[in-house]
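1. sequence first, predicted model second:
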Amino acid sequence: MAAGWWQTGRSGRPLLHSRSVSGRPAVLVVRFGALGDVILATPLLRALRRSRPDAAITLVTKASWAPLFASHPHVTTVEALLPDEPLRALARRLRATPWDHRLDLHGSTRSRLLRFMVGGRWSGWRTPRLRRALRVWTHGRFGSDPRPVPELYFSAARALGVVPDGGPPEIHPGPDDDARATAFAPDGAFVAVAPGAAHATKRWPPSHWERLAGLLRDAGVPTVAVGAPGERGLVPTALDACGIGLGPTAALLKRAAVVVAHDSGLMHLATAVGTPVVALFGPTVPNLGYGPYRADAVVLEHALSCRPCSVYGGAYCPLGHHRCMIDLMPDTVADAVRRRLA
């Protein structure tokens, strides 16, 4: 089927039309991961839905992230790539639908291979790799700031006429998620702490997390640790909710008064459920495109001439001192949390 097209109605608002017999446009959006990247695609999903409420919008992502979209109002269907599933099996399922629009928000070798297998006309976005690399190589002295990633995604839908609405990412935990989260939520206000991150250099020292939990406990505020099963015990005195599942974690973050997190997927998840965030940045910086987007957030970072040293973080500090995280003191973070609680 040929791609659909946009037409302006009497109000001047772009409207998505379809050449299909049913008149209901079918839109395919591919973003396999990582968690934060998938969450940052939700402003585009929202714009697509608002432009044509009856559109059939299918999101392709990893099975790990699919539960977040089980009750999402802007997604009609989720096609999950299962662990160890051949890409051709996913492509076979997708070829069964005559898509009007196919958007690749990933731009990886795997997504390009999927495009080839599915066929049809696709549109994508261009990662500002050179600008990011220049900012990293010069530690922020040169290179223009890329636009935030959620806005860059919109370039994949440039033919559709949608534009960012200024709102944050959006995730909606389901009733089952909320029921599961209830068992881990203390009575009254609490602070959720997310001590994990995919890359070692983005992580705050465990002793700092424990000091933060102690300071908040002394102020009468309980803390709940969230994250993957392997992150249990990183904050020993916090209530442990690690490993409860992504949907229940989203529901728990929504119940929290404040979330403290690294530059990580859980930071973006907290912004997407509308909870104020205190974000800890070290080797990375928000203006590389991955900061908290249009959210109630405070970014804490220790100014060093060697920052940023990476776009995504790494396994070790290039200079061996990791001062960007070690010198970001728990008392400073606790003060920021108290201000958010006031």
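-> Looks like it arrived, so ask away.
2. centre-most residue in this structure?
-> For the chain, Gly36 is the residue whose C-alpha lies nearest the centre (Cα atoms, centre = their mean; 2.4 Å).
3. which parts of the stretch 201-342 of the chain are helices?
-> Applying DSSP state H, counting those that start in this stretch to the stretch 201-342 of the chain gives helices spanning 206-218, 246-255, 265-272, 323-326, 330-341.
4. give me every residue that touches the closest residue to Val259 other than its chain neighbours.
-> Nearest non-adjacent residue to Val259, counting by Cβ to Cβ, 6 or more residues apart in numbering: Ala270, 3.9 Å away. Backbone N, C-alpha and C define where each C-beta goes, glycine included. Contact partners of Ala270, counting by Cβ atoms under 8 Å, 6 or more residues apart in numbering, are 192, 194, 253, 256, 259, 261, 277.
5. per-residue pLDDT, Ala270?
-> pLDDT for Ala270: 98.
6. Val298 versus that one, what's the distance?
-> Ala270 sits 12 Å away from Val298, going by Cβ to Cβ, to the nearest Å.
7. what does Ala279 give?
-> 7 Å.
8. more crowded one of those two?
-> Ala279 (25 against 16; other Cβ atoms under 10 Å).
9. what's the overlap in contacts for Ala270 and Val298?
-> Common neighbours of Ala270 and Val298 (Cβ under 8 Å, 6+ apart) are Val277.
10. circling back to that earlier point, so how do I select the buried members of the contacts of Ala270 in ChimeraX?
-> To isolate the buried members of those in ChimeraX, using 16 or more other Cβ atoms under 10 Å:
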select :192,194,253,256,259,261,277
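11. quick one: residues contacting the residue lying closest to Asp176 once chain neighbours are set aside.
-> In space, not counting the residues next to it along the chain, Asp176 is nearest to Gly247; the distance is 7.3 Å by Cβ to Cβ, 6+ apart. With contact set as Cβ under 8 Å, 6+ apart, Gly247 has these partners: 67-68, 70, 173-174, 176-177, 180.
12. tell me which two of those residues sit farthest apart.
-> Between any two of the contacts of Gly247, the greatest separation by Cβ to Cβ is 13.9 Å, found for Leu68 and Arg180.
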